[in-house]
Structure formats: structure tokens, C-alpha cells
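Asks: Pasting the sequence and the predicted model now:
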Amino acid sequence: MSALRLGLLQFHPVVGDIQGNRDRIAAMLQEAAGRGAELAICGELALCGYPPQSLIVDEGMLREAQHALESLADGLPPGLVALIGAPHPTSDLRGVQNAAAVLTRGQVAGWADKQHLPTYAAFDEGRYFVPAHHSFVAELPEARVGVMICADLWEPEPSAACAAAGVDLLVALNASPYSPGMQRRREATTIARALEHTVPVAYVNLVGGQDGLVFDGGSHLTDHAGAVVARGPALEEAVVICDVDLSWSRRSARSEPHRRASQRPAPGPVHVLPVQTGADPRVTPSTDARPADGVAPWPGPEDHRWRAVRTALTDFTAGLRIDRVLVGLDGTLGAGLTALAAAEALGHERVVLVDALPESVAPDDDRRAWTAAVVAAGGWPSAVGAAGPDDGMPIALPLVHVAAPDPGAEPGDHSADALPLEQVVPDEDPAVRLIASRTTLLGLELAADAHEALLLSSADRTMRALGGGWPHELAGGFAPIGDLTRGWLVRIARWIGDREDGALVAPESVLAHAAETIGGPDPLHEPCATLDRVVEGYIDANHPTEVIVEREGLPTEMVLALADRIDRAELRRRSQPIAPRMSGRALSDDRRIPVVWRRGWP
């Protein structure tokens, strides 16, 4: 069998950290070479990180990236060719292309530039990059390899042009962030291309959190018959070694040169670059005898989302060199899950908990039981008291109580103790609760400053979309669960309770309250399953309100009122913290509407 061994380098680049990314790539190249790889492939813009946004026009970063590529080429093991995602200045130096550098030992042999620049959802590449107008084929001694970058794979023309040039393998460098069902769509696309052209397709993705994006890996190899024969893990760095059977693609090129030709687009121009590996044919490289990797299992929907939340939190704090985070435990489901995610991601010793439950909550209230269960499951000491900045113990909230005179005091007795306002006016009064939330927020911010910690928001997607939530829930520097709907929070909480360790089981009353109520000064008491369907239809699917009414069987007045709330909440969302993308269309990042506008149509 004629075979080519690939190394798919799946790792987490930090945007702008050229030297750090170069060192990580160099180590993975050595590992791939040690296991016999002949072609190693990184993800899209792996050298500078993705998305670089306006940093991409910084001449200093472009120079450093070029030096890093030269350094990688100088240290490249003999016999290995590497495709490294990197920025490529245009020949006239007036623009930059999103590209893959072709490295052989001692030189940058050439460039494969991206043709299709997406400008939708989380992508804005058309603003920063110059598109290429030809496909690219690297002619290695062992095989002809068609090189594409991310969106080029999703469009039919680039792969058709490469196939017309007689390639034995298609490879795609990607920066594909997590969204529900995305791995199925990735693999469906590689399968389609493999079957269209009867060639294997290698897909390489990034991993790790970057601002509001989470790249979840899933690098894989699809063979000529459309079977996924190797896959990297989700949300973990890995060097995935896989063997490509070249005999089938060559046999197909001889026997079926234009299979389904009538369904293919006309091939465009192709640049073919002869590539020499620089290996000494007299020297047999020493390689690891381990076999190629298999197909890693893919996590279920709750597990995947939960791991993505933890990854986003880990990489956000690491990238900003934040040592501690702070969470206010107010008895809600969102606050408890935020605290648990932080403990699992960072370790409980780096998470400061604050007891933010109102004093009016009874000792036997399930909200206190939920808070105590979170503390125990996260590994914090159970006692609540004064905590030093390094011990991560839960601390009592230094509340500034809004007080009213004690109605039982004698008239004119100004020395009588004042009572917290919530003891004078029922705490379900929205005005009182708003004041209490603002004072709670003040206490959380004071505690965060005292402990030099980042305050985490416990707001969720349903709350943020509909303009709900109390001030102390919405504020902070990062919202780990901010793009998960309330329905998914309930599902994840139940999944956590069913895990083998069984460390945390949410009380049914807490789950029921989360599923039925969106709190805040303007609360909603519709079932959250209904609210989530409207949010997903109006935001994710971009359906008109009349379509939502028809599909969901909901009253027109309700859908119109909820759509109006979503639109009016845009200004409020603009002031809220970054939330990692967990949905098909993230709030404010993917769905961009003006703050000031007026609907002039039904």
C-alpha cells in the first residue's frame, strides 16, 4: 500500500504571542517527526492566533511572524514538510493574506493563500485580508497535496480545482469555533469532498478559548470512501498521527478522472509548487513504532458544553494572567454552576466565593441547601467566615444594607438600630429587590477589589437576550455561562447530578424556579422552554415573528412582546461582559443590530 503519514497538530495558540506559539509548534513538529510523520499540518493562523483582528496590520507582528517561520524551518526535522497557518504580506506589501506557509528544512518554500474570506457570524476576514484567486497544490515526492484554508473547504470550487490538478490528498487548515452540532457539519463537509473527488481529506482545527470564541478541535482524516478514520479529541491539545492510503486516489485518477463531472464546478486556476523534503535518502530516520491514532470519541451535548465553558474560563484568565476569580452565591442555579465551573477549570483555591444570599432566606430554604452543596462539591471549606486572599474560602458579603427606621422604636429615639429595608418592605417588591441587588453588586465589587479577583457574571443567554436579570447577576468581567440558554443550564445541572461522582445534585425547587422564572426589575414568568424557543427562532434562525408564531403555536402578542424586549435590550447587552459562544448565533457578536433604531414595518 502506498501511504503518507500525517501529523495533525491541534493546539491552542495565543493571539499575538508569536514566540510562544512558535515554541509550541516546534515541539509538536518534533513529536510528529518522532512518530514518522512526513507531512505536519497546523490550524489556521496558528502562528499568530485567531482571530488577530486589527493586529494583523501591525508591521512588527508581521516581521516577527516571518522570523518565527524561518526559525521553524531551520529546526525542521529532515524529511518532514510542514504547513503552518500564518499571515502572508502581499507582494506589494499593501495587504495581508490569510495563508499556510509551506516549510521544508531550512526554508519557507511557498505559500497557499486563502480564497474565500467569510464575513458572517464570528468572522470578519473580508475586513482585514486580501483574497487569493487561485488554488494551491504542493507536489511532494510522495504525493500531490491540495491545500485549502477553512472556508475554502466549504465552497466547492477550490477542491474541484485541486482535484482537476490530480491531487492525492486534500488538506484544510481551520479555525472553527464551537457551536452546537458543528463537528457533525465539519465531518459532513469532509465526507462530501472525499466522495466528490475520491481522495482523502485531512481537517485540522485549533483548540482553546479566545475572547468570546471556543475552538474545540475535532481534527480528523476522512478516507477516499467517506469514512472518518482518525479524529483528535475535543477541547484538548494533541498530535494526531494518521496514515493516508494514496493508492485509492491514484487508482481513481486513472479509472475515474471525472467522476460526477457534470455536478462539479468548473476548475479555477491552480498554482503547483514542487516541494523537496531535504531528507538524505541514505539515512533512514529513527521513528516511533507506535501505530497511527484512531477515532477519538466525541462528547455528548451536555458534556461538550460544560467542557467548553471550562475551557473558555481557563484560557481567558490565563491569557490575561488573572490569578483569581470571584463568584457571588445568591442561591440561583446560574450562580452555583458558575462557581462549580470555575472550581473545575481553575481549582477551588483560585476561586473566591461570596455568600450573597439575602438575610431573609430561611436556613431550611433550598437555595441555602444548593449553595452549601456547591461549596462542598467544589472542594471549598464549608465554614463561611473571613478569608485571606489566598485560601479561596467562602466569605461573608460585606453588604452595605439599605436601612429604614425600626418601626418598633419609640418616637424620637434616633439611637434605635435601623432594620434592613427588606425586613420592612416585603422582599418580593421589585423596587426593594433592585436596591438589594445594587448593594449586593457593590459588595461583590468591593470583595473583588480586596481579593484582586475577576468578578464572574452568572447571567445566562435567556436572561441576557430578553433584558432580564438583576444588576449583581449581569455585572462582571466575564460571563462563562452567558451564551447558554436557561433550558441548557437545567439540562447540564441534571447531567452533573447524574455523573458517576454524584458530587452535586441540585434541589428540584431550584431547578423548577430556574425553568419557570427570569428575574429582574422587569421579570418574566413564562416557562423558560417557551422563552428559549422564541429566542432561538428570533436570534439563531433569524425568523420573522409571524413564522415563530406559526411554528411554535404561540400567541402573536406574546411573540411580538418578546421580540421587542430582545431588540430593546441591545444597549444593555453592549455593557455586559464577554460571554463565550455556545449557541448558533451569539448575542451582540454574531447578531449585530444598531442600538438606536425604530421598527418601521409590521
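Replies: Arrived safely, thanks for sending.

Asks: Show me where the stretch 51-200 of the chain has its helices.
Replies: Secondary structure of the stretch 51-200 of the chain, counting by DSSP state H, counting those that start in this stretch: helices at 59-74, 151-154, 156-164, 182-197.

Asks: right, so of those, which gets closest to Asp564?
Replies: Within these, the stretch nearest Asp564 is helix 182-197; the backing value is 30.9 Å (CB to CB). For every residue, glycine as well, the C-beta is placed using N, CA and C.

Asks: Tell me the first helix or strand C-terminal of that closest one.
Replies: Towards the C-terminus, the helix or strand next in line after helix 182-197, according to DSSP states H and E, is strand 201-204.

Asks: partners of that next one, with directions?
Replies: Within its sheet, strand 201-204 is paired with strand 169-173 (parallel), strand 220-222 (antiparallel), according to DSSP bridges.

Asks: could those strands be laid out in CSV, adding mean neighbour count and mean pLDDT?
Replies: CSV is the format used below for those (neighbours: other CB atoms under 10 Å; pLDDT from 0 to 100):
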stretch, mean neighbour count, mean pLDDT
strand 169-173, 28, 98
strand 220-222, 27, 98
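
Asks: if I look at Ala68, how far off is Gly20?
Replies: 10 Å (CB to CB, to the nearest Å).

Asks: more crowded one of these two?
Replies: Taking other CB atoms under 10 Å, Ala68 and Gly20 do not tie; Ala68 has more neighbours (22 against 12).

Asks: Val559 sits in which helix or strand?
Replies: Per DSSP H and E, the secondary structure element for Val559 is helix 556-568.

Asks: What residues of that helix count as buried?
Replies: Of the residues in helix 556-568, those with enough neighbours to count as buried (16 or more other CB atoms under 10 Å) are Met558, Val559, Leu562, Ala563, Arg565, Ile566.

Asks: name the helices or strands packed onto whichever strand or helix holds Asp449?
Replies: Secondary structure here is read from DSSP H and E; on that basis Asp449 sits in helix 430-450. Contact analysis of helix 430-450 by 3 or more CB pairs under 8 Å, 6 or more residues apart in numbering; DSSP states H and E lists strand 325-329, strand 351-355, helix 421-424, strand 454-455, helix 471-474 as its packing neighbours.

Asks: Switch those over to CSV; also include mean pLDDT and distance to Glu550.
Replies: Written out in CSV, the entries for the helices and strands packed on helix 430-450 read as follows (pLDDT from 0 to 100; distance: least, CB to CB, whole Å):
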stretch, mean pLDDT, distance to Glu550
strand 325-329, 94, 41
strand 351-355, 91, 46
helix 421-424, 44, 44
strand 454-455, 97, 42
helix 471-474, 96, 33
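
Asks: how about CSV for the ones you listed, with mean neighbour count and distance to Pro274 added?
Replies: What follows is the helices and strands packed on helix 430-450, written out as CSV (neighbours: other CB atoms under 10 Å; distance: least, CB to CB, whole Å):
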stretch, mean neighbour count, distance to Pro274
strand 325-329, 28, 53
strand 351-355, 26, 55
helix 421-424, 17, 77
strand 454-455, 22, 52
helix 471-474, 24, 58
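
Asks: between these, which one is nearest to Ala343?
Replies: With CB to CB as the criterion, Ala343 lies closest to strand 351-355 of those, at 5.3 Å.

Asks: which helices and strands does whatever helix or strand comes next after that closest one pack with?
Replies: Following strand 351-355 in sequence order, the next helix or strand is helix 366-378 (DSSP H and E). Using 3+ CB pairs under 8 Å, 6+ apart as the contact criterion, the neighbours of helix 366-378 among helices and strands are strand 325-329, helix 333-346, strand 351-355, helix 508-516.

Asks: domain parsing for the protein?
Replies: 3-274, 301-574 (automatic domain parsing).

Asks: closest to Pro291 out of those domains?
Replies: Checked against CB to CB, the stretch from these lying closest is domain 3-274, at 8.3 Å.

Asks: which residue ranges form the helices in the stretch 501-602 of the chain?
Replies: Here the stretch 501-602 of the chain has its helices, by DSSP H, counting those that start in this stretch, at 508-516, 528-535, 545-552, 556-568, 570-574.

Asks: Make TSV out of those helices and add mean pLDDT and distance to Leu320.
Replies: Below are these laid out as TSV (pLDDT from 0 to 100; distance: least, CB to CB, whole Å):
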stretch	mean pLDDT	distance to Leu320
helix 508-516	95	30
helix 528-535	96	30
helix 545-552	95	39
helix 556-568	95	30
helix 570-574	92	21
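
Asks: Which one of these lies nearest to Ala122?
Replies: If you check each of the helices of the stretch 501-602 of the chain against Ala122 by CB to CB, helix 570-574 wins as the nearest, at 16.1 Å.

Asks: Pull out the buried positions in that closest one.
Replies: For helix 570-574, the neighbour count (16+ other CB under 10 Å) marks Glu570, Arg573 as buried.

Asks: hmm, who's touching that helix?
Replies: The contact list for helix 570-574, computed with CB atoms under 8 Å, 6 or more residues apart in numbering, reads Arg464, Gly467, Leu474, Leu587, Ser588, Ile593, Pro594, Val595.

Asks: at 10 Å what do you get?
Replies: Residues outside helix 570-574 that contact it (CB atoms under 10 Å, 6 or more residues apart in numbering): 459, 464-465, 467-469, 474, 482, 566, 579, 587-589, 591-597.

Asks: Using the three-state scheme, assign the residue nearest the centre of the chain.
Replies: Centrality entry for the chain: nearest residue to the mean C-alpha point is Val214, 1.4 Å, by CA atoms, centre = their mean. With DSSP: H, G, I helix; E, B strand; the rest coil as the basis, Val214 sits in strand.

Asks: State the pLDDT value of the nearest residue to Thr277 once chain neighbours are set aside.
Replies: Counting by CB to CB, 6 or more residues apart in numbering, Gly79 is the residue found nearest to Thr277 once chain neighbours are left out, at 5.2 Å. Reported pLDDT at Gly79 in the predicted model: 93.

Asks: could you check the distance from Gly79 over to Ala37?
Replies: Gly79 is 9 Å from Ala37, by CB to CB.

Asks: higher neighbour count, those two?
Replies: When Gly79 is set against Ala37 and neighbours are counted by other CB under 10 Å, the residue ahead is Ala37, at 30 against 21.

Asks: What residues does the spatially closest residue to the more buried one that is not a sequence neighbour make contact with?
Replies: Nearest non-adjacent residue to Ala37, counting by CB to CB, 6+ apart: Gly7, 3.5 Å away. For Gly7, the residues meeting the contact criterion (CB under 10 Å, 6+ apart) are 28-29, 31-42, 80, 82, 204, 239-242, 293.

Asks: Report the secondary structure state of Gly7.
Replies: The local conformation at Gly7, judged by three-state DSSP, is strand.

Asks: Who is it paired with across the strands?
Replies: Taking DSSP bridges as the rule, Gly7 bridges to Ala40, Ile241.

Asks: tilt between the helix holding Asp449 and strand 325-329?
Replies: Using axes from the mean of the first three to the mean of the last three CA atoms, to 10 degrees, the interaxial angle of helix 430-450 with respect to strand 325-329 works out to 150 degrees.

Asks: Buried ones in helix 430-450, by neighbour count?
Replies: In terms of neighbour count (16+ other CB under 10 Å), helix 430-450 has its buried residues at 432-433, 435-445, 447-448.

Asks: cool, stretch 142-158 as well?
Replies: Burial within stretch 142-158, assessed by neighbour count using 16+ other CB under 10 Å, is assigned to 142-154, 157-158.

Asks: and if you look at stretch 55-74?
Replies: Residues of stretch 55-74 classed as buried under the neighbour-count rule (16+ other CB under 10 Å) are Leu55, Ile56, Met61, Leu62, Glu64, Ala65, Gln66, Ala68, Leu69, Leu72, Ala73.

Asks: Lovely, talk soon.
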